[in-house]
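Enquirer: no sequence on this one, just coordinates:
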């Protein structure tokens, strides 16, 4: 089998790894739209009025409320966040929807029943005054889980983000350079993007799209030198290379709040395991086993076609496989850290020896605004690498450190 085009692609990518990582960062940042300020009240429109428990009164625009935190925009102060216990009264001129924690929105039909109108807050209760109906029974502020403007409600219920909108995820880059008796450099980068539709937690998900890329490339070079002899001789330069790349994409379509069907593809290259390219194309089902504001866990199972091609190209090593991927992914989001883990086992049914497995772990510690310091590990196991000299190890492990930028969509 002629693998020249694949090798040429890998070599070109290796020589341009700095450009590739930089391009990934710039491209990812470009899809994150700038945060827009709340729209100013129309000319002549009465401003919203917020009265604090200490008697102070603010005039401006009520923005939203989430889990007990009210966001109010005042021109002199900008956006301020206030808890309900600091608010005595609130009156709005604009139309807003109140989502109670006791009501479960399971689809567009339920969302259509959400009361929308001007708001009046008094005596620790929210009253909605619809434009063409009687006022809704007051809702205790402790049960008002979300309050949002009518435009946002309609956008999330009835519209789909454009191709470049709604993406969230980290972009990471790191590098090492050593100049001594031996010259060494290593660069690494990763980007992981996820788009959930709707993009808000108060509506059940309809679909989810994810894309990931991670790679590391390095060289250690022993320059040529002269052995004084006798007799004098020239020792040629020796170069040792490392190159590990992984890319995948997945589309999930939800048929209940926690169950979904999925289609996926994945590509792997590992120079240390003689793996030129492993391709996977498959589909299956998934289940969200844990879902809270701070943590989430998904388990997935697929049926797939898999193709393995090796750099050495030895007879009988390249193969076409039918198998599965059994995957578990976990994410923990806290104020001072973010941790993600993914574990996958990939058996092959038409060749029981051609199985593989991988595990990734990433720990991000916030540093400044959207920047974090990150630590990561990636371990892969390939049970059937070609028999070569020096012997090819079946296990590959890498540890990375870098700086991470968090992309946060404002859709």
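Expert: Sure thing, it's come through. All of these numbers come straight from a predicted model, not from anything done at the bench.
Enquirer: From here on, just use CA atoms for contacts and neighbour counts.
Expert: Fine.
Enquirer: For the residue nearest the centre of the chain, give me its contacts.
Expert: Nearest to the geometric centre of the chain sits residue 169, at 3.3 Å (Cα atoms, centre = their mean). Shown in contact with residue 169 (Cα atoms under 8 Å, 6 or more residues apart in numbering): 191, 192, 193, 194, 406, 407, 408.
Enquirer: For the helix or strand that contains residue 145, which strands pair with it and how are they oriented?
Expert: Element membership of residue 145 [criterion: DSSP states H and E] is strand 144-149. The pairing partners recorded for strand 144-149 under DSSP bridges are strand 57-66 (antiparallel), strand 96-100 (antiparallel).
Enquirer: Measure how the following helix or strand past it sits relative to strand 144-149, angle-wise.
Expert: Per DSSP H and E, the first helix or strand lying C-terminal to strand 144-149 is helix 150-158. Angle of helix 150-158 versus strand 144-149, following axes from the mean of the first three to the mean of the last three Cα atoms, to 10 degrees, is 100 degrees.
Enquirer: Now do the strands in the stretch 201-350 of the chain.
Expert: Shown for the stretch 201-350 of the chain, the strands assigned by DSSP state E, counting those that start in this stretch span residues 207-222, 225-227, 233-235, 238-254, 259-270, 275-291, 295-310, 319-333, 338-346.
Enquirer: Can you check which of the ones you listed gets nearest to residue 154?
Expert: Checking the strands of the stretch 201-350 of the chain against residue 154 by Cα to Cα gives strand 207-222 as the closest, at 17.6 Å.
Enquirer: what's in contact with that closest one?
Expert: Contacts of strand 207-222 (Cα under 8 Å, 6+ apart): 14, 17, 181-198, 237-254.
Enquirer: Narrow those to those that are buried.
Expert: The neighbour count (16 or more other Cα atoms under 10 Å) marks 14, 17, 184, 186-198, 243-254 as buried among the contacts of strand 207-222.
Enquirer: Which strand residues bridge residue 277?
Expert: residue 309.
Enquirer: And the strands paired with strand 144-149, which one averages the lowest pLDDT?
Expert: Across the strands paired with strand 144-149, strand 96-100 has the smallest mean pLDDT, namely a mean of 88.
Enquirer: quick one: that one to chain centroid distance?
Expert: The chain centre lies 28 Å from the centre of strand 96-100; the measure is Cα atoms, centre = their mean, to the nearest Å.
Enquirer: Residue 182 and residue 76: what is the separation?
Expert: Using Cα to Cα, to the nearest Å, residue 182 is found at 60 Å from residue 76.
Enquirer: swap that for residue 361, sorry
Expert: 45 Å.
Enquirer: Give me the more crowded residue out of the two.
Expert: residue 361 (17 against 9; other Cα atoms under 10 Å).
Enquirer: Contacts only, for that one.
Expert: If you count contacts by Cα under 8 Å, 6+ apart, then residue 361 has 339, 340, 341, 342, 376, 377, 378 around it.
Enquirer: What's the per-residue pLDDT of it here?
Expert: pLDDT, read off for residue 361, is 96.
Enquirer: Shouldn't it be within a strand?
Expert: Yes - assessed by DSSP: H, G, I helix; E, B strand; the rest coil, residue 361 belongs to a strand.
Enquirer: Spatially nearest residue to it, not counting backbone neighbours?
Expert: Counting by Cα to Cα, 6 or more residues apart in numbering, residue 361 lies nearest to residue 341, which is 4.5 Å off, once chain neighbours are set aside.
Enquirer: Could you list the domains of the chain?
Expert: Following automatic domain parsing, one gets these domains for the chain: 48-158, 165-407.
Enquirer: Those: lowest mean pLDDT?
Expert: The bottom spot among those, by mean pLDDT, belongs to domain 48-158, with a mean of 87.
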